[in-house]
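S.K.: Structure for this input, please:
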Amino acid sequence: MEFIVITIFREIFDTYFNSGLPKKGIDRGVISYKIVSPRDFTQDKHRKVDDYTYGGGPGMLMMFPPVKKSIDRAREINSKTHVILLSPQGIKFNQEMAKELSKLESITLVCGHYEGIDERIKNFIDEEISIGDFITSGGEIPALVVIDSVIRLIPEFLEKEETIKKESFEDKLLEYPQYTRPETFDGYRIPEILKSGHHKKINLWRKREMLKRTLLLRPDLLMNRELTEEEKELIKDIFNELMENMNKILKRE
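M.R.: Numbering: from 1, shown residues only. Down below sits the predicted model:
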């Protein structure tokens, strides 16, 4: 998969793509990236890409022409590229969207800065995405979030496919708790079941913990999930445990 990033901060993405798993993906030819800078399409000696807004208001706005020409360049690089604008007004990004994007040949991510980009740019994008209900100083960090979520779903990027399947949100459940050595530290022990060697019981414990975490922290995920009979029984068991604990708390003097 090819990522084309429109940004005035190339170094952010050079650092990302030349580190850790992304670098391995590039070395193996699984992913590639190109940077297009709006500053390359300016006319003045200062390579200015922002200006004051019409009608007044705080801050500066990225100008339409250099960003539009940057998108044109991205489409020259790959005519099939899917152009995404990172914006607080966009559709909220989630794992399902990441899965769909991972199937594409090329993605272009448009990173705004300052107070955003001239509204006319929206006539030349394919999609507008938000990573959440908060504001960042630019589109670079949201773009990295999208990229990192997507590349993990590309076939052959992660050497162990099972790693993806067991991560949070992949099955519309939060991930189960995990532990490593030492077995005991400062009085904190790992759950005994994990030392049993009984894989069927361990898998059942993990499924129960996934359901419990999701029920307590993200019950909305369960609303959109078709539960198996086993999962329904586990949820009933979890609920009974929570009720018992609640009664013990309420009965304390």
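S.K.: Show me where the stretch 1-150 of the chain has its strands.
M.R.: Taking DSSP state E, counting those that start in this stretch as the criterion, the stretch 1-150 of the chain contains strands spanning 2-6, 32-36, 50-52, 60-62, 82-92, 106-110, 127-130.
S.K.: burial measure for the residue nearest to Ile131 when sequence neighbours are not counted, as a count.
M.R.: Residue nearest to Ile131 in three dimensions, not counting chain neighbours: Pro142, with 4.5 Å by CB to CB, 6 or more residues apart in numbering. All C-beta atoms are positioned from the backbone trio N, CA, C, and that covers glycine. The tally of other residues near Pro142 (other CB atoms under 10 Å) stands at 23.
S.K.: Could you do Met1 as well?
M.R.: Look at Met1: counted by other CB under 10 Å, it has 21 neighbours.
S.K.: per-residue pLDDT, it?
M.R.: What the model reports as pLDDT for Met1 is 97.
S.K.: quick one: contacts for it?
M.R.: Neighbouring residues of Met1 by CB atoms under 8 Å, 6 or more residues apart in numbering: Val30, Ile31, Ser32, Ser102, Leu104, Glu105, Ser106, Ile107, Val150, Ile151, Ile154.
S.K.: before we move on, what about His46?
M.R.: No contacts exist for His46 under CB under 8 Å, 6+ apart.
S.K.: Repeat the analysis, applying 10 Å as the threshold.
M.R.: His46 is in contact with Arg39, counting by CB atoms under 10 Å, 6 or more residues apart in numbering.
S.K.: I figured Ala74 was touching Pro38, is that so?
M.R.: No - Ala74 is not in contact with Pro38 according to CB atoms under 10 Å; the separation is 11.3 Å.
S.K.: out of those two, which sits in the busier spot?
M.R.: More crowded of Ala74 and Pro38, by other CB under 10 Å: Pro38, with 27 against 23.
S.K.: sorry, back to before: common neighbours of Ala74 and Pro38, please.
M.R.: The contact sets of Ala74 and Pro38 overlap at Ile6, Val110 (CB under 10 Å, 6+ apart).
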